[in-house]
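K.L.:
The amino acid sequence is not available; the structure is as follows:
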């Protein structure tokens with residue numbers, strides 16, 4: 001008995017005319033008429049016809065010399081359910097012919113067991129590819145029109161947003177639970193938390209990843225994926241947080257696609273923190289940093305001291321040392337104890353200050369946003385190849401330049417960070433904080449401990465001379481009681 005492998009494909013689940021159920025019915029109808037056995041029907045849903053059949057999650061497994069079960073004939077409702085690429089269809093046809101298999105497309109009347117059928121499948125694949133390109137072009141034009149009107153055009157919904165249907169179409173609005181998570185993430189970044197530790201925190205607290213959150217909004221089961229630093233960096237670096245539409249890395253600043261999650265000033269500040277980490281200057285690279293990472297510095301060269309652990313006779317011995325070779329290694333417990341004593345003695349009675357973000361007033365927010373948009377357009381001008389694109393960008397630049405000139409003449413107050421008192425002493429904060437929290441407090445406050453050990457001998461009683469000096473910003477000195 002002939003063994004039939006059915007192939008079902010659908011680009012969108014809402015397309016009722018080519019629903020999976022209808023495609024299965026046509027495949028089974030053909031098999032029953034041929035007195036053939038359907039060994040399996042693969043379904044590739046939400047998969048474009050441009051995807052190579054050999055690369056599909058469902059069909060690709062069966063297009064091998066060791067499929068899950070033997071089959072003789074590949075049957076689909078129409079050829080475009082198998083492929084919309086003439087090159088991919090030609091490859092699949094050749095693969096089948098070499099193995100004595102055939103392709104049948106029920107409603108197209110195609111059967112590659114004959115010479116004419118092989119000719120027709122090649123012709124039909126060309127028409128399918130032409131139709132795919134036409135659909136792609138119409139879709140692109142439709143999305144462009146929707147972008148200009150500020151409506152959602154079916155493109156990827158980024159984390160922090162969700163779709164909302166209104167009388168005149170679909171729009172992107174804030175997904176409040178996700179927006180709250182973004183703001184908490186940004187706060188942690190500004191507090192000095194590493195991206196890796198934030199990703200770990202998100203996973204441990206059960207916060208859905210961007211993909212899982214979209215599945216939740218669509219009523220689909222989540223996969224329970226873990227957050228990672230790369231995903232988090234991509235999210236925090238995306239200008240979609242400003243409400244702009246981003247496609248293939250290009251930002252359309254002419255149309256506000258959605259309400260912004262961050263202001264332009266908040267976004268710029270966030271990028272500064274992220275850039276600080278990328279260049280390797282951050283002292284918060286891991287969630288398990290040594291207690292004095294970024295705090296202990298060499299008294300001679302001013303560079304950060306490194307931490308190492310030596311194991312001997314089943315015991316662990318920790319040290320801080322200068323990689324430039326200045327001085328000698330210092331016992332970690334000793335240096336950490338000195339830091340605590342000096343800090344509480346010199347700074348413990350000072351009132352702790354905290355950074356407070358003061359938003360822009362008057363027209364400064366609009367000015368900042370306009371300057372940002374102008375920078376994006378200027379960059380796009382340098383990449384544009386066609387005269388029409390350059391002309392369109394030039395017009396946008398001229399309009400923005402005129403608006404910026406108007407805003408610059410108006411009274412304004414830029415957004416800024418101010419230090420404000422918290423009403424508590426550093427000693428109180430130190431007492432209730434963990435080791436990692438203390439390290440973050442000190443690094444954020446700009447407090448360092450300079451140290452150098454010299455003259456230490458090999459004998460246990462030859463301790464050498466340890467020099468230390470605690471440095472802290474002027475504003476802490478001013479707040480001493």
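P.N.:
Good, I have the coordinates. Everything quoted here is computed from the prediction, not taken from an experiment.
K.L.:
In which helix or strand does the residue nearest to residue 57 when sequence neighbours are not counted reside?
P.N.:
Residue nearest to residue 57 in three dimensions, not counting chain neighbours: residue 44, with 6.5 Å by Cβ to Cβ, 6 or more residues apart in numbering. For glycine as for every other residue, the C-beta is placed from the backbone atoms N, C-alpha and C. Residue 44 is part of strand 37-45, with elements assigned from DSSP states H and E.
K.L.:
How about residues contacting that strand?
P.N.:
1-10, 13, 20, 24, 27-28, 31, 51, 56-59, 61-62, 68-71 (Cβ atoms under 8 Å, 6 or more residues apart in numbering).
K.L.:
could you redo the last one with a cut-off of 7 Å?
P.N.:
If you take Cβ atoms under 7 Å, 6 or more residues apart in numbering as the criterion, strand 37-45 is touched by 1-10, 13, 20, 24, 27-28, 31, 56-59, 62, 69, 71.
K.L.:
Read off the pLDDT value for the residue nearest to residue 57.
P.N.:
On the pLDDT scale, residue 44 is placed at 90.
K.L.:
chain center to the helix or strand harbouring residue 94: distance?
P.N.:
Counting by DSSP H and E, the element that carries residue 94 is helix 86-98. Offset of helix 86-98 from its chain centre (Cα atoms, centre = their mean, to the nearest Å): 38 Å.
K.L.:
one step back: any idea how far the strand holding residue 44 is from the chain center?
P.N.:
Relative to the chain's own centre, strand 37-45 is displaced by 35 Å; criterion: Cα atoms, centre = their mean.
K.L.:
And stretch 379-393, by the same measure?
P.N.:
Worked out by Cα atoms, centre = their mean, stretch 379-393 lies 28 Å from the chain centre.
K.L.:
Pull out the buried residues from that stretch.
P.N.:
Within stretch 379-393, the residues that count as buried by 16 or more other Cβ atoms under 10 Å are 380, 393.
K.L.:
Show me where the stretch 201-350 of the chain has its helices.
P.N.:
Using DSSP state H, counting those that start in this stretch, the helices of the stretch 201-350 of the chain run over 210-217, 229-237, 264-278, 332-346.
K.L.:
Format those as JSON lines; extra columns: mean pLDDT.
P.N.:
Formatted as JSON lines, those follow (pLDDT from 0 to 100):
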{"stretch": "helix 210-217", "mean pLDDT": "90"}
{"stretch": "helix 229-237", "mean pLDDT": "89"}
{"stretch": "helix 264-278", "mean pLDDT": "75"}
{"stretch": "helix 332-346", "mean pLDDT": "92"}
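K.L.:
How far does the following helix or strand past the helix holding residue 94 sit from its chain's centre?
P.N.:
Where DSSP H and E defines the elements, the next helix or strand beyond helix 86-98 is strand 102-105. Distance of strand 102-105 from the chain centroid (Cα atoms, centre = their mean) equals 42 Å.
K.L.:
Strand partners (parallel or antiparallel) of the helix or strand following strand 102-105?
P.N.:
Next in sequence after strand 102-105, counting helices and strands by DSSP H and E, comes strand 110-111. Taking DSSP bridges as the criterion, strand 110-111 forms sheet pairs with strand 102-105 (antiparallel).
K.L.:
For the strand it pairs with, which outside residues touch it?
P.N.:
Outside strand 102-105, the residues that touch it by Cβ under 7 Å, 6+ apart are 30, 73-76, 78-79, 93, 96, 110-113, 121.
K.L.:
State the number of residues packed around the residue nearest to residue 57.
P.N.:
By other Cβ atoms under 10 Å, 22 other residues sit near residue 44.
K.L.:
Provide the secondary structure category for residue 380.
P.N.:
Three-state assignment for residue 380 (DSSP: H, G, I helix; E, B strand; the rest coil): helix.
K.L.:
Please name the residues that touch the closest residue to it other than its chain neighbours.
P.N.:
Closest residue to residue 380 apart from its sequence neighbours, by Cβ to Cβ, 6+ apart: residue 393 at 5.7 Å. The contact partners of residue 393, taken as Cβ under 7 Å, 6+ apart, are 377, 380-381, 384.
K.L.:
what's the most distant pair in those residues?
P.N.:
377 and 384 (10.0 Å; Cβ to Cβ).
K.L.:
what would the helices of the stretch 201-350 of the chain look like in JSON lines with mean neighbour count and distance to residue 165?
P.N.:
Below are the helices of the stretch 201-350 of the chain laid out as JSON lines (neighbours: other Cβ atoms under 10 Å; distance: least, Cβ to Cβ, whole Å):
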{"stretch": "helix 210-217", "mean neighbour count": "17", "distance to residue 165": "13"}
{"stretch": "helix 229-237", "mean neighbour count": "16", "distance to residue 165": "25"}
{"stretch": "helix 264-278", "mean neighbour count": "16", "distance to residue 165": "28"}
{"stretch": "helix 332-346", "mean neighbour count": "17", "distance to residue 165": "57"}
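K.L.:
Out of those, which is closest to residue 161?
P.N.:
The closest of those to residue 161 is helix 210-217. By Cβ to Cβ, the value is 9.6 Å.
K.L.:
which phi and psi does residue 63 have?
P.N.:
Backbone torsions for residue 63, taken as degrees, to the nearest 10, come to phi -90, psi 60.
K.L.:
Would you quantify the distance from it to residue 5?
P.N.:
Using Cβ to Cβ, to the nearest Å, one gets 9 Å for the distance from residue 63 to residue 5.
K.L.:
if we can go back for a sec, of all the helices of the stretch 201-350 of the chain, which one is nearest residue 175?
P.N.:
Each of the helices of the stretch 201-350 of the chain has some distance to residue 175 by Cβ to Cβ; the shortest is helix 210-217, at 6.9 Å.
K.L.:
Now do that closest one and helix 229-237, the angle between them.
P.N.:
Calculated by axes from the mean of the first three to the mean of the last three Cα atoms, to 10 degrees, helix 210-217 forms an angle of 70 degrees with helix 229-237.
K.L.:
Might you quantify the distance of helix 210-217 from its chain's geometric centre?
P.N.:
14 Å.
K.L.:
quick one: contacts of that helix?
P.N.:
So helix 210-217 is contacted by 157, 159, 162, 175, 178, 208, 221-223, 225, 231, 235 (Cβ under 7 Å, 6+ apart).
K.L.:
just those residues now: which is nearest residue 430?
P.N.:
residue 235 (33.6 Å).
K.L.:
what separates that closest one from residue 173, distance-wise?
P.N.:
Distance of residue 235 to residue 173, computed by Cβ to Cβ: 18 Å.
K.L.:
same question, residue 341
P.N.:
Remark: distance between residue 341 and residue 173 (Cβ to Cβ) = 54 Å.
K.L.:
strands paired with the strand or helix carrying residue 75, and their directions?
P.N.:
Following DSSP H and E, the helix or strand that holds residue 75 is strand 73-76. As defined by DSSP bridges, the strand partners of strand 73-76 come to strand 3-10 (parallel), strand 102-105 (parallel).
K.L.:
of all the ones you listed, which lies closest to residue 184?
P.N.:
Closest among the strands paired with strand 73-76, using Cβ to Cβ: strand 3-10, at 38.2 Å.
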